[in-house]
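Novice: Structure of the sequence below:
(chains A, B and C)
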Amino acid sequence: MSKDIVDLITAKHNVRNKKRKLTGTERFWLIFRYISLIFIWFLVVMPIYVMVINSLKGVKNVYLVNAFKLPEKLDFSAWSVAWSGTDYFPQSISDSMSRTLFFVIQSAIISAIIGSINGYVFAKWKFKGSNFIFTLFLFGMFIPYQAIMIPLVRIATTLEINKSIYVLVLAHIIYGIPICTLIFRNYYEAIPNELIEAGRVDKASMVRIYRSIILPLSIPAFVVVLIWQFTSAWNDFLFAIFLTGGSPKLAVATTALNFITGSTNQVYYGVNMTASLIVSLPTLIVYIFLGRYFLRGLLSGSLKG
Amino acid sequence: MGCVSKSVKNSRPLSSRIGGLLFVLPSIITVVIFVYGLIIWSVNVSLTNQNSGSKKAIEYVGLKNYTDLIVDERFTHSLLNLVKFTVVFIIGALITGFIMALLLEKGIKGEGFFRSFYLYPMAISFIAMGTVFNWILNSARDEEAGGLNLALQKIGLGFLQNDWYVGEKGAMYAMALPAIWQTSGYVLALFLAGFRGIPDDLREAARVDGASESQIYRHVLFPQLTPTILTILIILGHISMKAFDLIIGINGKSYITQVVAVYMWEATFDSRNYAKGTAIAIVLLLMIAIVVVPYLRYNNKQQAYR
Amino acid sequence: MHKSSFRLVAAAAAIALAVTGCSSGSDSANTDKEFEIFTWWASGGEAAGLQGMIDVYTGQNPETEFINAAVAGGAGVNAKAVLQSRLDANEPPDSFQAHAGMELDGYVRGGQLEDLTSLYASEGWDKIFPADLIKTLTVDGKIYSVPVNIHRANVLWWNPATATKAGVTMAPATLDEFFADLEKFKKAGVTGLALAGKGDWAIAHLLDWMLLASMGADKFEGLYNGSTSWTGPEVAAGIKNFQKALSYGNKGAGNLDWPDAGKLVTSGKAGFFIMGDWASAQWQSDGLKLGTDYTFAAAPGTVGIYQWLSDSFTLPVGAPHRNAAIAWLKVCGSQAGQDAFNPKKGSISARTDADLALYDDYLKSASADWSKDRLVGSTVHGVNGNNAHMAAYSAAVGKYFSGGFKDNAGFAKDLAAAYEAGKA
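Specialist: Numbers count the residues shown, from 1 in each chain, chains lettered A, B, ... in the order given. Now for the predicted structure:
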């Protein structure tokens, strides 16, 4: 059924793309649209372009004054410094990459499973007060996290989980509950109740309906949530820095980036740019290549109220 | 979680009402502890004189921390900054996202390509982008210019060069630019979803009635987008109020671009005045609540009708 | 509030532990398998220098695994926040970095640091560190940290070629000469003074020097012990000079971080630069030569005064590996440790007996001054005011600077309020 929803969008899309001769005005507007789209594309890509050209200028002598000039000759030394480290950059990005992937993927998968179960209940098995509780969940998304770091670190320390990377897995699962629940709930709301009712008539249990009817329809929502949680956990700095307490043994991408760029009395913008670029690449790739799935998830009603 | 796997194993038919509650109970407990518990903790601290920097005994001081904020020039400054930032950011992102959606709405060859690229800024953190935007929006002009000022010169709009986020008046407006850059692709996606959620029959019917394209947009399509716009407003509004990484990443804690979340950080961690820091946090949360809660209630009612 | 009482009990227990630890002798051998310091040194010369010091330490304590927990970010902005959350959760590192001086005030008042005075006596540091330094480090008769380095804040930098072009032939020794030279630069079409506004601190750094230069060392120190008024004529005169200096600044200073402002000087686009001596380390690493590409003098009006700042290490109450920490502090204060660290960090040893052969020409000259100059602390880098004071001070400067430096009276009032904020 949800396949139908997705197909509907792509189908619509195809109908509009059907080939026929364009009139003069239509051609003008088409060209206008392309020019505008390409112009916007340049604006959107510019920051990455600046990062890329400055990452190819070597380690030293990169400053604002030459930031917008192309490199005189290609110099990849900043890449090897940022990736593998030197005595001036003891913490390299490569050390932290697998650790980051490890925790980000775990928290994304578990978040998605929890979100799916919650969304299922809030959409299809409402109980007394469930709407109210769901609203409370949503409101939880809005707390300013900086404000709760002090007690959070205290809790993590008391539970003695602050010495392991699982502290970050847990944090992202916990604070991901609201958004993941929201995405799944809205997605499941769009699934017709008749399907569930049919199951109920068959005396199928809640769990069986979930497994046999809901879960197979959930792929698009899973993709959205996985991408969402992946990027937000990958990019998170606040939880990472507070909950790992700065330990190099728990360095993840953003904290490693902070290690590299945070030098206080010699600043190497070339390395900073390169490290920033490397840290951004995984999420960038996920969005560029999976963006259409993410969008498809959005289009399937995921984030619409 | 434990309770979930257990019931799966037994696949015991549960009565629906209770069963639903059981499945979400672990999440409810977690949210209650880690969200509401910590909010209560914050409220509690905000009513005391707790200041980690001193050894004096902790006492309850009522609403003193809140009343102090009203006359705190630093706080009103950061609040005003936040308002300016929010207004320009929301309007800017809404308009850019909308224009982008209009360009793509009917489908165009290469749509997927553009969409994906437009969406990617969402994927990147300002922890990584801070310095780049510091450079792009730098205020040097004419022969020393770089970034946007240089680009403006190159396309013959040199007179538009300005101080961006270090200008006395326009700082927060300029600070909204990177925020717009980051979110307009997302707004585009939501608008696109909105447009494509409108049944084709409506368009066709209007066309049959002899409406022009622009009339169709104005009278048929745009009114249908109201719920989408509302959603976007809420999402952008709360992103804006929590703005922190972006501002710290680009301009550090500079006074000129301080917003509420930055001031809260300063009060909590530099001045080590927990009571004041939590009071600011609660004010921020209340502000967000004023925006979000009516929307959430409205949404719930909508759902009830389905 | 039960939470606070819990904290009190925990703190009391920790203090009791610390006391018994002390009585068993602070010289007990280090048998700890692990040792964690907390710094904001994670890259650049400071990381390389730290590694040098770590090597000295592991040479002496081969059994102990050394962990450098670091949270980077200019002058420890993030680090202080994370550190605070750890101290608050009773999870202190074994030793942490902090600027020497009043920056430690909060930790001392909160009972979070152990007294290290006995270590100073047993290691002979009370003799080997300058008396002025010891005086500043001492709070109510006790010393709470070990300085590993000294930076100088009041240094004037310029590019000899640019100066010659503008007809500036010798370093300005007084403020009058300084302003006259700024005028020469202006006539030659060069920005007089390179400013860096990002994060406000470098502008505050300039003010700190200007106040010192305008009122002299005694009055300046009076600002921080209450004998000079922030709303008095001395500060007003200082602000007036500051205003004048800012008017010679580069356009678009607001976004610049200090390395970019420094680049204006070395590339001949600006005349003078008032910055701490880490500027030299940055330029050295860019391959510039002292004397030809850039040169320096004591900042005008402060000749014979060494405005210093220092990174130091502490012993938190309840440190899990206390013996290892004491061994570390001994390395921090030792000649070998400081000489391993400082040449790479680009600072001088706090000790008066450093092996100067290891240091570059700038640092040699700074070391010579260190032993003979009047020592005055830097406000912006944590010596004179605590964190609350600093935060308000730099915000006041940011407000004045971004407001186009017009409201001198309001500025003085904000600075006075910042001083009061530090006492709260």
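Novice: Write out the residues of chain A neighbouring chain C.
Specialist: Contacts of chain A with chain C, taken as CB under 8 Å from any CB of the partner chain, map to A:60-61, A:63-65, A:87-91, A:149-150, A:153-154, A:156-158, A:162, A:241-242, A:245-249, A:255, A:258-269, A:271. Where C-beta positions appear, they are placed from N, C-alpha and C, glycine not excepted.
Novice: In helices only, show me these.
Specialist: Judged by DSSP state H, these include A:149-150, A:153-154, A:156-158, A:241-242, A:255, A:258-261, A:269, A:271 as members of helices.
Novice: How about the residue nearest the centre of chain B, nearest residue that isn't a chain neighbour?
Specialist: In chain B, the residue lying closest to the centroid (CA atoms, centre = their mean) is B:Ile239, at 1.3 Å. Closest residue to B:Ile239 apart from its sequence neighbours, by CB to CB, 6 or more residues apart in numbering or on different chains: B:Thr183 at 6.6 Å.
Novice: ok, now B:Pro121?
Specialist: Ranked by CB to CB, 6+ apart and with sequence neighbours excluded, the top spatial neighbour of B:Pro121 is B:Gln182, at 4.5 Å.
Novice: Please identify which helix or strand holds the one you found.
Specialist: Following DSSP states H and E, one finds B:Gln182 within helix B:171-196.
Novice: any idea of the mean pLDDT in that helix?
Specialist: In this model, helix B:171-196 has an average pLDDT of 90.
Novice: Mind checking if the helix or strand just after it is in reach of chain A?
Specialist: Using DSSP H and E, the next helix or strand after helix B:171-196 towards the C-terminus is helix B:200-208. Yes. Counting by CB under 8 Å from any CB, contacts between helix B:200-208 and chain A involve B:Asp200.
Novice: what's next to the very next helix or strand once past helix B:200-208, contact-wise?
Specialist: The C-terminal neighbour of helix B:200-208 among helices and strands, as given by DSSP H and E, is helix B:213-215. Under the criterion CB atoms under 8 Å, 6 or more residues apart in numbering or on different chains, residues B:Ala206 lie in contact with helix B:213-215.
Novice: So whichever helix or strand comes after helix B:213-215, near chain A or not?
Specialist: Using DSSP H and E, the helix or strand that follows helix B:213-215 in sequence is helix B:222-224. No. Shown here: helix B:222-224 not in contact with chain A (CB under 8 Å from any CB), separated by at least 12.3 Å.
Novice: Quick check: next helix or strand after helix B:222-224?
Specialist: helix B:226-241.
Novice: Per-residue pLDDT of the one residue in chain C that gets nearest to chain A, please?
Specialist: Relative to chain A, the nearest point of chain C is C:Ala72 (2.1 Å; CB to the nearest CB). If you check C:Ala72, the pLDDT there is 80.
Novice: how many other residues sit next to the closest residue to it other than its chain neighbours?
Specialist: Closest residue in space to C:Ala72, ignoring its immediate chain neighbours: A:Gly262 at 2.1 Å, by CB to CB, 6+ apart. For A:Gly262, the count of nearby residues is 26 (other CB atoms under 10 Å in any protein chain shown).
Novice: Touching, A:Gly262 and C:Thr39? I think so.
Specialist: No. Counting by CB atoms under 8 Å, A:Gly262 stays clear of C:Thr39, with 10.7 Å between them.
Novice: ok so, going back, what is the neighbour count of the residue nearest to B:Pro121?
Specialist: Neighbours of B:Gln182 under the rule other CB under 10 Å: 24.
Novice: Could you do A:Ser94 as well?
Specialist: 12.
Novice: Check the gap between it and chain B for me.
Specialist: In this view, A:Ser94 and chain B are 17 Å apart by CB to the nearest CB, to the nearest Å.
Novice: Make sure that residue is indeed in a strand.
Specialist: No. Read with DSSP: H, G, I helix; E, B strand; the rest coil, A:Ser94 is helix and lies in no strand.
Novice: What pLDDT is listed against it?
Specialist: 88.
Novice: Contact partners for it?
Specialist: Listed by CB under 8 Å, 6+ apart, the contact partners of A:Ser94 are A:83-85.
Novice: and if you look at C:Asn225?
Specialist: Counting by CB under 8 Å, 6+ apart, C:Asn225 touches no other residue.
Novice: Spell out which parts of the stretch 151-300 of chain C neighbour chain B.
Specialist: C:197-200, C:251-257, C:269.
Novice: mind showing which ranges of chain B have poor pLDDT?
Specialist: Within chain B, the segments meeting pLDDT under 70 span B:1-17, B:53-56, B:299-306.
Novice: Contact partners for C:Gly398?
Specialist: B:254-256, C:197, C:200, C:203-204.
Novice: one more time with 7 Å
Specialist: By CB atoms under 7 Å, 6 or more residues apart in numbering or on different chains, the residues touching C:Gly398 are B:254-256, C:200.
Novice: same check, this time on C:His389
Specialist: C:418-419, C:421-422.
Novice: That one - nearest residue in space that isn't next to it in sequence?
Specialist: Residue nearest to C:His389 in three dimensions, not counting chain neighbours: C:Gly422, with 2.7 Å by CB to CB, 6+ apart.
Novice: Is residue 229 inside a helix or a strand, and which specific one?
Specialist: Just going to use chain A. Per DSSP H and E: A:Gln229 is located in helix A:219-235.
Novice: can you count the residues close to C:Tyr248?
Specialist: 21.
Novice: Return the per-residue confidence for it.
Specialist: 96.
Novice: Helices along the stretch 1-150 of chain B, start to end?
Specialist: Chain-ordered helices for the stretch 1-150 of chain B, with DSSP state H, counting those that start in this stretch as the definition, fall at B:2-10, B:16-31, B:38-46, B:64-71, B:73-105, B:111-119, B:126-136, B:147-154.
Novice: burial count for A:Asn193?
Specialist: 12.
Novice: And the pLDDT at it?
Specialist: Per-residue pLDDT puts A:Asn193 at 84.
Novice: Quickly note the distance from it to chain C.
Specialist: Taking CB to the nearest CB, one finds A:Asn193 at 47 Å from chain C.
Novice: Now that residue, what are its backbone angles?
Specialist: Main-chain torsions, A:Asn193, degrees, to the nearest 10: phi -60, psi -30.
Novice: give the contact list for it.
Specialist: A:Asn193 touches nothing, counting by CB under 7 Å, 6+ apart.
Novice: let's go with 8 Å and repeat that
Specialist: Counted by CB under 8 Å, 6+ apart, A:Asn193 has contacts A:Lys124.
Novice: Close to chain B: what parts of the stretch 301-424 of chain C are there?
Specialist: Residues of the stretch 301-424 of chain C found near chain B (CB under 8 Å from any CB) are C:386-388, C:390-392, C:394-399, C:402-404, C:421, C:424.
Novice: out of these, which are buried?
Specialist: For those, a burial check counting by 16 or more other CB atoms under 10 Å in any protein chain shown picks out C:386-388, C:390-392, C:394-399, C:402, C:421.
Novice: Serialize those to JSON lines and add fields for pLDDT.
Specialist: JSON lines is the format used below for those (pLDDT from 0 to 100):
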{"residue": "C:Asn386", "pLDDT": "89"}
{"residue": "C:Asn387", "pLDDT": "88"}
{"residue": "C:Ala388", "pLDDT": "89"}
{"residue": "C:Met390", "pLDDT": "92"}
{"residue": "C:Ala391", "pLDDT": "91"}
{"residue": "C:Ala392", "pLDDT": "93"}
{"residue": "C:Ser394", "pLDDT": "93"}
{"residue": "C:Ala395", "pLDDT": "94"}
{"residue": "C:Ala396", "pLDDT": "96"}
{"residue": "C:Val397", "pLDDT": "96"}
{"residue": "C:Gly398", "pLDDT": "94"}
{"residue": "C:Lys399", "pLDDT": "94"}
{"residue": "C:Ser402", "pLDDT": "90"}
{"residue": "C:Ala421", "pLDDT": "89"}
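Novice: about what we covered before: okay, among the ones in helices among the residues of chain A next to chain C, which ones form the most distant pair?
Specialist: The largest separation in those, counting by CB to CB, is between A:Thr158 and A:Tyr269 at 41.2 Å.
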